[in-house]
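> Here is my input; please provide its structure:
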Amino acid sequence: MDTAASGTASFPQRALGYAHRRARVFWFWWMGMIFGLPGLAQAAVLAATGQSPENGLVLAGLGLAISGAGWLMAIGPRFTRTDPRPADDVNRAEQYVRIAPGSAIGMIAVMVAIVVALMFATPRGTAPDVLPILALLVVFPLPVAAGLLYSAHLHRHRERFFAGWLERR
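Coordinates of the predicted model:
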């Protein structure tokens, strides 16, 4: 245990630092899913419309590769037993916890509205060669929103998670 960090910082500051570290580790591997999940949606729509799903599968594979690389890059902070760096940005974290759900819902709603508008306002909006791109666009904000909500969850319950981590190490 790092006595310098734990001796000078309060429990809430250390808990917030722990939440920041866990969120950072999460985003390292989840960033690939932001590409992988829309790629799977695109591949599914490509296959359903009788086209080759290759483009979507390449994007999904790229997302998996990015996730794997991110997981490996975050291996140090993921399995560390050292105290987290204390954080003082409690107000910013509380604001993030408050606005994350609305931001997640808002980005999904805006993207769905844009895609629906494109489907009806453009001459080829529902053409079989256009639908896979629209599927990719409509699915894109879903993993972003899920990541925002999970990160907000980590920050909302930071003291409980930090206390559990202290008991386990």
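
> Can you pull up the most central residue in this structure?
With distances taken as CA atoms, centre = their mean, the residue of the chain nearest its centroid is residue 147 (2.7 Å).

> Please, which helix or strand holds residue 13?
helix 11-48 (DSSP states H and E).

> From the centre of this structure, point out the most distant residue.
Max radial position in the chain (CA atoms, centre = their mean) goes to residue 123, at 34.2 Å.

> what's the following helix or strand after whichever strand or helix holds residue 76?
Assigned by DSSP H and E, residue 76 falls within helix 75-78. Sequence order places helix 90-121 as the next helix or strand after helix 75-78, per DSSP H and E.

> so what secondary structure elements neighbour that next one?
helix 11-48, helix 131-139, helix 141-156 (3 or more CB pairs under 8 Å, 6 or more residues apart in numbering; DSSP states H and E). All C-beta spots, glycine's among them, are computed from the backbone N, C-alpha and C.

> Can I get stretch 124-135 in PDB? Just the C-alpha atoms.
Taking Å, rounded to 0.1, in the frame of the first residue of the first chain, the C-alpha atoms of stretch 124-135 are listed here in PDB:
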ATOM      1  CA  ARG A 124     -32.500   6.200 -52.100                       C
ATOM      2  CA  GLY A 125     -33.000   6.200 -48.400                       C
ATOM      3  CA  THR A 126     -34.300   2.700 -48.200                       C
ATOM      4  CA  ALA A 127     -32.300   1.100 -51.000                       C
ATOM      5  CA  PRO A 128     -30.700  -2.200 -50.100                       C
ATOM      6  CA  ASP A 129     -27.200  -0.800 -50.700                       C
ATOM      7  CA  VAL A 130     -27.900   2.200 -48.300                       C
ATOM      8  CA  LEU A 131     -29.600   0.300 -45.500                       C
ATOM      9  CA  PRO A 132     -26.300  -1.200 -44.100                       C
ATOM     10  CA  ILE A 133     -24.800   2.300 -43.800                       C
ATOM     11  CA  LEU A 134     -27.900   3.500 -42.000                       C
ATOM     12  CA  ALA A 135     -27.700   0.500 -39.700                       C
END
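
> List of residues touching it?
38, 41-42, 44-46, 49-51, 55-56, 115, 118-119, 122 (CB atoms under 8 Å, 6 or more residues apart in numbering).
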